[in-house]
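> Build me a structure from this.
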Amino acid sequence: MMKRLPITSLLAGALAAAVLAGCASPEPRYYTLAQGAVAPLPATTTPASTNTLWLEVAPVRVPERLNRPQLVVRDGGDAGLRLLDLARWSAPLPDELRDALSQRLQATLGAVDTYQQGMSDVQPLYRITTEVLRLDADVGQRAGATINWTVRRLPDGKVVSGRTQAELPAPGAVDGVVAAYREIVATTAADIAAGVLSLQR
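Residues are numbered from 1 along each chain as shown. Presented below is the predicted three-dimensional model:
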């Protein structure tokens, strides 16, 4: 025979469940620097095509202090840093930056990035390397970066190098910081694209 619990016990159990649910930790939000998918290589384009601009965008080097799942921002003073536990990158930051730069460059130049695409019969014409020297933000105020980049033409090895520096307003909360970082990536990609074009002359 089933034993019935008093109504007061049922209410107490429901109240305890509600309290526990209210105390649950909030879920982190994940951010990406990507802008959307790049159109795939048309099926009619082959490695033998002389019109295809082949790139190899290498992983981006970042300082270890920034290579965290969480966004790292300034914490008041110049030397203070803070990890935002509830604001995380959807992939490791070097991959986020590499993929976003590759996306922009492919769209801007009408190029194809051969990095990790299994195109062993394709020799990239331009190898692109980048290094983040600085990437920081004050939440609700500004975001900035200093990024060195190099474009090497193959097979002759001719090189063009540059540095992209940017300081942008980042109003609002973390969304504003990520939006500013996307703009910085776009500016860096535009500078790199200009470097690629300069080597085509």
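> buried set for the lengthiest helix in the chain?
Of all the segments of type helix in the chain, defined by DSSP state H, the longest one is helix 174-199. Neighbour counts using 16 or more other Cβ atoms under 10 Å place 174, 176-182, 184-189, 192-193, 195-196 of helix 174-199 among the buried residues. Bear in mind the C-beta positions are built from the backbone N, C-alpha and C, glycine included.
> for stretch 135-154, same thing?
By neighbour count with 16+ other Cβ under 10 Å, stretch 135-154 contains the buried residues 135-137, 139, 142-153.
> Which single one of those residues is nearest to D85?
V139 (13.5 Å; Cβ to Cβ).
> Could you pull out the strands in this structure for me?
Listed in chain order, the strands of the chain (DSSP state E) span residues 29-31, 53-57, 70-74, 81-89, 111-113, 126-138, 142-153, 159-169.
> Need the CA coordinates for the third one. PDB is fine.
Meaning strand 70-74. Extracted C-alpha coordinates of strand 70-74, given in PDB (Å, rounded to 0.1, in the frame of the first residue of the first chain):
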ATOM      1  CA  GLN A  70      38.000  32.700 -20.700                       C
ATOM      2  CA  LEU A  71      38.200  36.300 -22.000                       C
ATOM      3  CA  VAL A  72      41.000  38.200 -20.300                       C
ATOM      4  CA  VAL A  73      40.400  41.900 -19.600                       C
ATOM      5  CA  ARG A  74      42.000  44.600 -17.700                       C
END
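> Quick one: low-confidence residue ranges for the protein.
Low-confidence segments of the chain (pLDDT under 70): 1-24, 36-50, 77-79, 118-122.
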